[in-house]
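Enquirer: Got a sequence here, can you build the structure:
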Amino acid sequence: MKGSTYIKTGIIPEKQHYYKVQTSRGLDLKAICCYAATGFFLEDDTFWKHQKVLKPATDYEFDSQGQVKNKTPYFQWHYNPRIISFEQALDEFEHLFETIISEQTKGKKVILPLSGGLDSRTQAVALAKHSHLQTYSYSFKNGYPESRISKRIANALGVPFTSMEVPKGYLWDAIEDLAEINQCYSDFCNPRQMAFVDQYAEIGEVFSLGHWGDVLFDGMGEDVQWTTEEELNWVLKKVVKKGGMELATRLWESWGLDGDFESYFMERIKGLLSNIDIDNTSAKLRAFKSLYWAPRWTSVNLGVFESVAPITLPYYDNRMCEFICTIPEEYLKDRKLQIAYIQRKSKKVANITWHQQKPFNLNNYHWNRTPYNLPYRVISKIERELRAVVGRPHVARNWELQFLGKENDQQLQGWLFESGFDKLVSKEVIQEFYTNFKMKDAVWYSHSVNMLLTLAVFNKKFGS
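Expert: Residues are numbered from 1 along each chain as shown. You can find the predicted model right below:
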């Protein structure tokens, strides 16, 4: 129809598409409180009342004025397991996964971010015979050297590898560029890839990214049916960050919003869960995360990669989502399909340390329990304590490299206290959480400070 435009969103959208609704303009303070608690916006929320985000798996038609004329969902997450053997499921996964990757990367120089986990390792064995493959990995300065695992995987497959290190304080030179990329819809410490944007373009033409494989290809098993309350508690535990509820509550109160934040937030989560018509709890929670977490958190920072080169995401492919809904949960439990695929394709790669189960690998990770893992745990603890004594404390999270230390603290304070941020958030609230971070518990309040920094940058760049 003349004047109409159409958008079809993915089952897991790679990017956010915004549209305007006919309502009063202004900041959506309730939505921002949810954002402060979790680090991502719920459902179709944005910073603004008059702006929304297109929902996943939906065909949209817009009129000439940009208003939604029609919207038709074309996919619902479900759980309809087929009666097939594990070997049949593995064969189907192998064919589908390799077909998707071939379609996405054929004839291109591929950049594969490689970690010590399973998602990118699964991609690596699928791409091992690709004629132009470059892998890389990074570790935190003074952190666990995950790049060593990645390098072993690359060497086992005979593919090029580059090791990188996340530098201390890189954020402050990159923060405004990052804000332009993610529009402040994510905090600034999680997209660590921003530290290396100048290096990516030199090593390939297209990214093959492993995002969301760990959610699709894991589960709790076949006979898991929790109560509504148990499901709600699990979601709250997963999505609310340390200190997030406290920050959101203080913002809610300082802005004079009706009611209380916790009740509002819990009712919203209950409503989102109740809309998912799946009995099996494992499949239902996967659907929840794929509907609300993936597009509003994971996808937001894909733009960092895309600012350098086109991106491909085999686990985001609609066919992969449809496939998962038909696979028995027992086959997905404990990453069974991915592990079996890697074992089938490369025994060498299967024998390399699995980061999440270190020092064990894909063949013996079942032994990662007391007393078998005690020697490793004791030695690791001693090493961390010795490094702290000599002034090189162990780094496990990016905020430790970006927020701690005199120069970082000066930059952080500049954004929190000297950028006009108090026009959005009161000085009292800012000072309270900054002081708690510095004097009380840095780990617990790191998320709160991270979100206040994000809101401060938003206020400066987009708030007026």
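
Enquirer: for the protein, what are the low-confidence residue spans?
Expert: Low-confidence regions of the chain, defined by pLDDT under 70, span residues 1-2, 387-391, 464.

Enquirer: which residues touch the closest residue to residue 204 other than its chain neighbours?
Expert: Taking Cβ to Cβ, 6 or more residues apart in numbering as the measure, residue 204 lies nearest to residue 111, with 3.6 Å between them; neighbours along the chain are not counted. (Each C-beta comes from the backbone N, C-alpha and C, glycine too.) For residue 111, the residues meeting the contact criterion (Cβ atoms under 8 Å, 6 or more residues apart in numbering) are 134-136, 200, 203-208, 309.

Enquirer: so residue 111 sits in a strand?
Expert: Yes. Counting by DSSP: H, G, I helix; E, B strand; the rest coil, one finds residue 111 located in a strand.

Enquirer: I'd like the domain boundaries of the chain, if you could list them.
Expert: Residue ranges for each domain of the chain read 86-219+292-356, 376-461, as given by automatic domain parsing.

Enquirer: Make JSON lines out of these and add distance to residue 254.
Expert: As requested, the domains of the chain are arranged in JSON lines below (distance: least, Cβ to Cβ, whole Å):
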{"stretch": "domain 86-219+292-356", "distance to residue 254": "20"}
{"stretch": "domain 376-461", "distance to residue 254": "5"}
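
Enquirer: tell me the most buried of these?
Expert: When the domains of the chain are scored by mean count of other Cβ atoms under 10 Å, the highest mean neighbour count falls to domain 86-219+292-356 (a mean of 19).

Enquirer: now the end-to-end length of that domain.
Expert: When the termini of domain 86-219+292-356 are compared using Cα to Cα, to the nearest Å, they are 24 Å apart.

Enquirer: Return the distance of that domain from the chain's centre.
Expert: Relative to its parent chain, domain 86-219+292-356 has a centroid offset of 12 Å by Cα atoms, centre = their mean, to the nearest Å.

Enquirer: pretty sure residue 258 belongs to a helix, no?
Expert: No. The assignment for residue 258 is coil, going by three-state DSSP, so no helix is present there.

Enquirer: roughly how far apart are it and residue 264?
Expert: 9 Å (Cβ to Cβ, to the nearest Å).

Enquirer: Leaving out sequence neighbours, find the closest residue to residue 392.
Expert: residue 142 (5.2 Å).

Enquirer: Ignore what I typed, I meant residue 18.
Expert: residue 51 (5.5 Å).

Enquirer: And for residue 437?
Expert: The spatially closest residue to residue 437, leaving aside those adjacent along the chain, is residue 445, at 4.0 Å (Cβ to Cβ, 6+ apart).

Enquirer: what residues does the one helix or strand the one you found maps to touch?
Expert: Take DSSP states H and E as the rule and residue 445 turns out to sit in helix 442-461. Judged by Cβ under 8 Å, 6+ apart, the contacts made with helix 442-461 from elsewhere in the structure are 32, 35-36, 39, 47, 175-176, 179-180, 184, 186-189, 241-244, 246-247, 397, 399, 403-404, 412, 415-416, 419-421, 423-425, 430, 433-434, 436-437.

Enquirer: Between the contacts of residue 111, which sits nearest residue 13?
Expert: Proximity of the contacts of residue 111 to residue 13, judged by Cβ to Cβ, is greatest for residue 207, which lies at 17.0 Å.

Enquirer: contacting residues for the closest one?
Expert: If you count contacts by Cβ under 8 Å, 6+ apart, then residue 207 has 110-113, 200, 305, 309-312 around it.

Enquirer: would you list the residues you listed in JSON lines and tack on distance to residue 279?
Expert: Converted to JSON lines, the contacts of residue 207 look like this (distance: Cβ to Cβ, whole Å):
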{"residue": "110", "distance to residue 279": "40"}
{"residue": "111", "distance to residue 279": "41"}
{"residue": "112", "distance to residue 279": "37"}
{"residue": "113", "distance to residue 279": "36"}
{"residue": "200", "distance to residue 279": "44"}
{"residue": "305", "distance to residue 279": "37"}
{"residue": "309", "distance to residue 279": "42"}
{"residue": "310", "distance to residue 279": "39"}
{"residue": "311", "distance to residue 279": "35"}
{"residue": "312", "distance to residue 279": "34"}
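
Enquirer: distance of residue 376 from residue 365?
Expert: 12 Å.

Enquirer: Please apply the same query to residue 265.
Expert: According to Cβ to Cβ, residue 265 and residue 365 sit 36 Å apart.

Enquirer: More neighbours: the two, which one.
Expert: Summary of the neighbour comparison: residue 265 and residue 365, criterion other Cβ atoms under 10 Å, with residue 265 having more neighbours (24 against 18).

Enquirer: Name the residues of the helix or strand in which that one is found that are buried.
Expert: In the assignment (DSSP H and E), residue 265 maps to helix 261-274. Residues of helix 261-274 classed as buried by neighbour count (16 or more other Cβ atoms under 10 Å): 261, 264-265, 268-269, 273.

Enquirer: Please name every helix or strand in contact with that helix.
Expert: In this structure, helix 261-274 makes packing contacts with helix 29-38, helix 228-239, helix 244-254, helix 281-288, judged by 3 or more Cβ pairs under 8 Å, 6 or more residues apart in numbering; DSSP states H and E.

Enquirer: now that helix against helix 228-239, angle please.
Expert: Orientation note: helix 261-274 sits at an angle of 110 degrees relative to helix 228-239 (axes from the mean of the first three to the mean of the last three Cα atoms, to 10 degrees).

Enquirer: Only alpha carbons, please: show helix 261-274 as CSV.
Expert: As requested, the backbone C-alpha atoms of helix 261-274 are provided in CSV (Å, rounded to 0.1, in the frame of the first residue of the first chain):
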residue,chain,number,x,y,z
PHE,A,261,9.3,0.0,43.1
GLU,A,262,9.6,-3.6,44.3
SER,A,263,5.8,-4.2,44.0
TYR,A,264,5.7,-2.6,40.6
PHE,A,265,8.7,-4.5,39.3
MET,A,266,7.5,-7.9,40.6
GLU,A,267,4.0,-7.4,39.0
ARG,A,268,5.7,-6.6,35.7
ILE,A,269,7.8,-9.7,35.8
LYS,A,270,4.8,-11.8,36.8
GLY,A,271,2.9,-10.5,33.8
LEU,A,272,5.7,-11.3,31.4
LEU,A,273,6.1,-14.8,32.7
SER,A,274,2.3,-15.4,32.6
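
Enquirer: Other residues contacting it?
Expert: Helix 261-274 has contacts (Cβ under 8 Å, 6+ apart) with 30, 33-34, 37, 42-43, 228, 231-232, 235-236, 239, 245, 248-249, 251-253, 284, 288, 291-292.
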